[in-house]
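> let's see this in three dimensions:
(3 chains)
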Amino acid sequence: MRRSKSSSRPQFAGPGVTDANGPGVTDANGPGVTDANGPGVTDANGPGGAAGGRRRPRSVILPYLLVLPTLIFVAMFTIWPTISSLLGSFFLQRLNIAKYREPTFAGFANYATLFHDPTFYQVLGNTAFYVLGSVPVSIALGFLFALLINRRMRGIGLARLALFHPTVLPMVSVATVWLFLLTPDYGLFNSALSFIGYRGAQNWTGNPDLALLAIIFVAIWKNAGYYMIFYLAGLQSLPREVFEAARLDGAGALTTTRKITLPLLRRTSLFVTTIAFIGAFQSVDHVFVLTSGGPSNASNILLYYLWQVRFENLNVGVASALTIVLIALLLMFTVSNFLISERKGNLDG
Amino acid sequence: MRKLVSLALSFAFVISAAGLFANGQTESPAASGPISIQVFYPVAVDAPIAQILNGYVSEFEKANPNITVKPVFSGGYNDVKTAIQTTIQGGGKPPALAVMLATDLYDLINAGYIEPLDPYLAKLPNRDSYLGDFYSSFMDNSRYNNKIWSLPFQRSAVVMYYNKDLFKQSGLSAPNSWASLAEDAQKLTVRNGNDVSRWGILWSTVGLPYWLFQPLAIGAGKNVVGSSDTEVYFNTPECIAAIKFYNSLSQKCKATPSGAQDTWGASPGDLASGRAAMIVHSTGSLAGILKQAKFDVGVMAVPGEKPNTYASVPGGGNLYILKNAPQDQKDAAFKFMQFLTEPDRVADFSIKTGYIAARKSAYETPAMKDYIAKVPQAAETRDALQYAGKELSLQNLAKVRNIFQDYLQQAFNGKLSPEEAMQKAQSEADASLKEFK
Amino acid sequence: MAEASVRSVRGRSTGFRSVSAGRFAPRHAVGRLVLAVIIGAIALVWAAPVIWAICASLRPFEYPLGSGNIWFSHRLTLANFAKVGSLAPFGHYFVNTVVVVVMTLAVQIVTSTMAAFAFANYRFRGDRLLFQIILIQMMIPTAALLVPNFATIRLLGIYNTRLAIAIPFFGSAFGTFLIRQAFLGVPRSLVDAGIIDGCSWWQLLTHIYLPPSLAALTAFGISSVSFHWNDFLWPLIITSSDQSRTLTAGLVRFTQLGEIGAQWQYLTAATLIVAGPLFVVFLIFQKSFIESFVHSGIK
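Numbers count the residues shown, from 1 in each chain, chains lettered A, B, ... in the order given. Next up is the predicted model:
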């Protein structure tokens, strides 16, 4: 099976972290494992625990009241659906078979179906390729863009708009516009490629070796400007004195960026990595428009597959199981990412 | 603590302000008195469907003062289906009437969403002539278990468009077989060095490849779907020959780009701008092509393997009555359905939208005759219907279709030989249909 | 730590210098020019798709797009906008969209700031567990939300209202997460000083935590607005009349390629109608937006 080499990697925690961050973060992949406290352990605040460096007051009731409004809405509109997916994943329910129309308890049968489905593994592989292909590049570009446009200059407003605008375009429009740009022969994308000397394959959406790349290009174009916003916000909150000192020391821009800016933006990078990673699992409109997951499932990624199973194949049970697998995967990633971020948080506190 | 109270108060204020913004409406008015029905419909062509439907609704309401009809635009075909699923599973009342894909029949029956129209049809004095007036290739997707579940509404078909001027200039006549199609396509392809400035034919195979491929299989002599609800014929010599013919158009004739191609979006424009001499596409794109093309546009069924054989396949949406709606609404819905399928209205809808009129008598109306005199292609799209086979529709449709398309594309892209690909498609499809027998 | 690395790079110099937080600032005129060219080139490449979209939206429908002919036809027209505008009540949709987006953001800012403050400033039993639970909101796919949330909205009796479109997002995991991160970045010394001075929690929040976090709040505002401006499936399913529908309901009919080819001229016109207001807002506010970052950064 193509690309299965990149599939079934249990730890997704690597990509964005190692690529987008400078020194001091590359060692961050492991700690999630070494940390003695599992996720969700309430009493994680030993001397070396989360934000232990900050003297956070203990309070009995106020924090709960502050969290309450968010919690109520999240419970109603997220936790309840999650629980119902979890329950649903143990029931056989297929709307397109009359006798399975009503849910019947089936234990782990849906999970078994899923884990015996070769398409599922192909889709997992594709998803890993998609995430690894789009997340690090868009984060790196977002950081670069933030560095470039964080200045006063004539016409810089337009440049900011140019880099940022894909964020506010609806993905379905974006994808349809790209459908034209990717047209073989005369599409803008191929013209641009041939302008810089590329004379290779052109059939981006029909060639199984290129379709996923096309999806990745669109994702990068759409998201880089989004991540730029967070880096901009991060840059603005950095202490200016450090950079003054660096300037007086005669440090070059590249060195300053690598040795000062990136390490100081570690918190931003971790945030951006987390949302980029989660976001990569949540975007699907471009797949619908550009390739419908094809050709031959070559660009079928997890969320698109979930849509197919749920709303085309009408298999509610397996779709619920897929939902739970997806959430578990993302939780695993964020929990380990958090343990890292909280620990590192102490250092610059 | 006072701060917390004030914060809570301001929060409550924001919420209630939000509530003020909400222009609340009850889901459906009380059943007594006038009957109100909703119609969920998609828009999939370049036509002001909303305005057209609203026009029909006001006519209908004038004739039936006790019924109000509320058309609800619900996105594309998939969105309509998702909205109805969400409504029913979320415990809501579905609309009484909906326009959904003709091929969704089995899924909708199994899910218990729709009900047969026979009880309503039985009350019609002219039941048989009414039903017999719909084109039978459209009705093929309405019948199951000796019942009728839907009526054709916005229907299209796969046809071949060709640039008549180019054919005339090159002294060619319209193709009438695979051989002449390949020959014409080859002759009409124009190259400048390595670049192609005009393709002989464009035939999309990404997106929904099964649909545009079906005329090839039918043209070879055997459709990929049988008459029962669990039969597919993927590994037949005819289907394999059809794949080989498609591949030969690129490999042997160099008249179309090789491999699976996503030319669905661009090919109508390519035909109109002269970048392609022929395209295989939906009748739905006729209006757009006629607006853009500065030459005489020909429309015909796709040529078959043997001389003077042709093939096509229908597509598009039917009207369904939803089972969980209250009975008085369903009765009103059927009335509106009848109203929509009156010959004059079918003709009007066809003229305004570009869909094929679903009833034969619609073509006898004065409005349609006038229109065909002006736009002869409208008659050509209808004429293609006589060669149409059944659109791929059966139990477990989405799964079977995905299997078929997956291997079809592998065969187009040379990942598997046509024989091997279709062998696998057949066995996987058969396996996935076991539970449905 | 940072200072140590600064010392270690002493002596190396390039044409670029960093005068303020993370900003490349070339010393020489030539450097500035080179930088301007680089920025311009990147911006142009990045904007190429939308520039094409603008061209396509101005192209008469009668002129098909084809090879060597994808930018301008010899005539430009606004007819596509007129046609698209005639197919849906965009004015009404626009009002609804603004109402939904503003309502959502207003509530989110309040709820998220409160929650973020709790998570950043306090230790309490179950804090991490609660935080992870809230974060699930970012991970759950829409496909799993439609049916249960439809049922909840029906239970609340607000089907087919603008409130129904907005309410599932009133609690925002993303907002809580982002603002909490910003709060955690507030120097510990400041918070300690505030506590010693006897600040109430409210003063702590408004005087110590919020001022340096405005940039993060702005970033959150931007992402919330662009997400809810463009969300389409949920608004489409939870409303059934033009009275409560949003702009994307007008867009969606041009993105259906099902029975026709792509109608680039109409699609691009519709897209610009939908996204145009956001472009304008961004262009007007981007300067003060960046400036606000600068000010909050100096603190």
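> for chain C, just list every one of the helices.
Secondary structure of chain C (DSSP state H): helices located at C:2-8, C:29-57, C:79-87, C:90-121, C:127-139, C:142-156, C:162-166, C:173-184, C:188-196, C:201-203, C:214-230, C:233-238, C:247-251, C:264-298.
> I should have written the stretch 151-300 of chain B there, sorry.
Assigned by DSSP state H, counting those that start in this stretch, the helices in the stretch 151-300 of chain B fall at B:164-169, B:178-188, B:209-220, B:237-251, B:267-272, B:286-292.
> would you turn the ones you listed into a markdown table with distance to C:Ala118, mean neighbour count and mean pLDDT?
Yep, even glycine has a C-beta here, placed from its N, CA and C like the rest. A markdown table is the format used below for the helices of the stretch 151-300 of chain B (distance: least, C-beta to C-beta, whole Å; neighbours: other C-beta atoms under 10 Å in any protein chain shown; pLDDT from 0 to 100):
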| stretch | distance to C:Ala118 | mean neighbour count | mean pLDDT |
| --- | --- | --- | --- |
| helix B:164-169 | 72 | 16 | 95 |
| helix B:178-188 | 69 | 20 | 95 |
| helix B:209-220 | 54 | 26 | 95 |
| helix B:237-251 | 63 | 19 | 96 |
| helix B:267-272 | 56 | 28 | 92 |
| helix B:286-292 | 57 | 20 | 90 |
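> A:Ile324: which of the ones you listed is closest?
helix B:209-220 (31.7 Å; C-beta to C-beta).
> near chain A, which residues of the stretch 151-300 of chain B?
Residues of the stretch 151-300 of chain B lying close to chain A by C-beta under 8 Å from any C-beta of the partner chain are B:195-196, B:205-209, B:257, B:259-262, B:265-266, B:275.
> the residue of the stretch 51-200 of chain A at minimum distance from chain B: neighbouring residues, count only.
At 4.2 Å from chain B, A:Leu95 is the closest residue in the stretch 51-200 of chain A, using C-beta to the nearest C-beta. Counted with other C-beta atoms under 10 Å in any protein chain shown, residues neighbouring A:Leu95 total 23.
> shaky segments in chain A?
Scanning chain A for pLDDT under 70 picks out the ranges A:1-59, A:339-349.
> residues of it that sit close to chain B?
So chain A meets chain B at A:62, A:65, A:69, A:95-98, A:101, A:176, A:179-180, A:183-186, A:203, A:205-208, A:290-292, A:294-297, A:308, A:311-314 (C-beta under 8 Å from any C-beta).
> out of these, which are close to chain C?
Contacts with chain C are made by A:Leu62, A:Pro69, A:Thr176, A:Leu179, A:Phe180, A:Asp185, A:Tyr186, A:Phe311 out of those, judged by C-beta under 8 Å from any C-beta.
> how about A:Tyr104, phi and psi?
That one is not Tyr; residue A:104 is Thr. When read as degrees, to the nearest 10, the backbone of A:Thr104 gives phi -130, psi 140.
> my read: it touches A:Leu92, true?
Yes - using C-beta atoms under 8 Å, A:Thr104 and A:Leu92 qualify as a contacting pair, with a distance of 5.1 Å.
> more crowded one of the two?
A:Leu92 (21 against 12).
> what sits against the more buried one?
Contacts for A:Leu92 (C-beta atoms under 8 Å, 6 or more residues apart in numbering or on different chains) come out as A:Tyr100, A:Pro103, A:Thr104, A:Phe105, A:Ala106, A:Ala109, A:Asn110, A:Gly317.
> any idea how far the fourth one is from A:Leu92?
This means A:Phe105. As judged by C-beta to C-beta, to the nearest Å, A:Phe105 and A:Leu92 stand 8 Å apart.
> equivalent analysis for the last one, please.
Counting by C-beta to C-beta, the separation of A:Gly317 from A:Leu92 is 5 Å.
> which neighbours do those two share?
A:Pro103, A:Ala106, A:Ala109, A:Asn110.
> of all these, which comes closest to C:Val107?
Relative to C:Val107, the closest of the shared contacts of A:Gly317 and A:Leu92 is A:Pro103; by C-beta to C-beta it sits at 34.7 Å.
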